[in-house]
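Undergrad: Turn this into a structure:
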Amino acid sequence: MKHRLLFSIIGAVVIFVWQFLSYAMPNFHKSASAYTPAQDSILQMLKNQGLTQGMYVLGQPDPSLSSEDQQAMMKALDGKPWAVINYRNSNSMSMAMPMIRGLMVCFVISFLLFWLFLQQKNPTLMNRLYLSLAVGMIGFFFTPYTNFIWYKAPDIFAHFADAIVPWLILGLIGHKMAEMQGKKA
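TA: All right, here's what the predicted structure looks like:
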């Protein structure tokens with residue numbers, strides 16, 4: 001159990017540090033949060049509209065329309081601009097609780113990955129690297145890539161790197177730690 005907890009702590013740090021590098025410095029995801037000098041007027045316009053907090057896809061038919069009217073509207077909207085807006089009523093710069101929650105999630109992920117390592121019938125370094133990479137790729141395909149298919153997030157390649165780099169590091173570390181646990185058992 002000691003190795004599981006130690007790997008979970010180390011894994012949490014690896015994933016957390018990678019996320020920091022990926023989103024803060026050098027910020028591989030910066031294309032998904034580009035600045036526009038029109039931000040103040042856009043935000044004021046959204047506020048003036050009385051928009052409630054939520055995520056919106058602009059450029060779609062009104063869901064209250066009939067199916068035929070929705071189809072007609074879809075044809076009329078084809079080729080026109082569209083946007084995804086994640087609108088919040090107030091900005092919060094509080095980072096403590098999101099960072100704590102993020103670190104806890106990284107701990108749980110690492111704990112589960114180590115458990116998977118211990119379930120392998122042929123626990124070679126390559127098999128553990130493949131398993132770790134598979135976990136990263138499943139996460140990538142399930143959310144970032146599936147969302148990219150529809151919403152064209154510009155940072156898809158950064159998400160792809162997020163699915164590879166930290167997971168290979170965890171595969172290397174996890175292999176060594178699982179071997180150590182196996183020798184003690």
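Undergrad: show me the contacts for the most centrally placed residue in the chain.
TA: Most central in the chain under C-alpha atoms, centre = their mean is residue 144, positioned 6.3 Å from the mean C-alpha point. Residue 144 makes contacts with 153, 156, 159, 160, 162, 163, as judged by C-beta atoms under 8 Å, 6 or more residues apart in numbering. No exception for glycine: its C-beta is placed from N, CA and C like everyone else's.
Undergrad: Where does pLDDT dip in the protein?
TA: With pLDDT under 70 as the threshold, the chain has low-confidence stretches at 184-185.
Undergrad: Do a quick rundown of the strands in it.
TA: 54-58, 83-87 (DSSP state E).
Undergrad: And the last one, what does it pack against?
TA: So that's strand 83-87. If you count contacts as 3 or more C-beta pairs under 8 Å, 6 or more residues apart in numbering; DSSP states H and E, strand 83-87 packs onto strand 54-58.
Undergrad: orientation of the strand it packs on relative to strand 83-87 in degrees?
TA: 160 degrees (axes from the mean of the first three to the mean of the last three C-alpha atoms, to 10 degrees).
Undergrad: Restrict stretch 124-131 to CA atoms and write it as PDB.
TA: Only the C-alpha atoms of stretch 124-131 are listed here, as PDB (Å, rounded to 0.1, in the frame of the first residue of the first chain):
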ATOM      1  CA  THR A 124       7.000  -5.300 -18.700                       C
ATOM      2  CA  LEU A 125       8.200  -1.800 -19.100                       C
ATOM      3  CA  MET A 126       6.700  -1.600 -22.600                       C
ATOM      4  CA  ASN A 127       3.300  -3.000 -21.500                       C
ATOM      5  CA  ARG A 128       3.200  -0.500 -18.700                       C
ATOM      6  CA  LEU A 129       4.100   2.400 -21.100                       C
ATOM      7  CA  TYR A 130       1.400   1.200 -23.500                       C
ATOM      8  CA  LEU A 131      -1.200   1.000 -20.700                       C
END
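Undergrad: Right, I'll leave it there.
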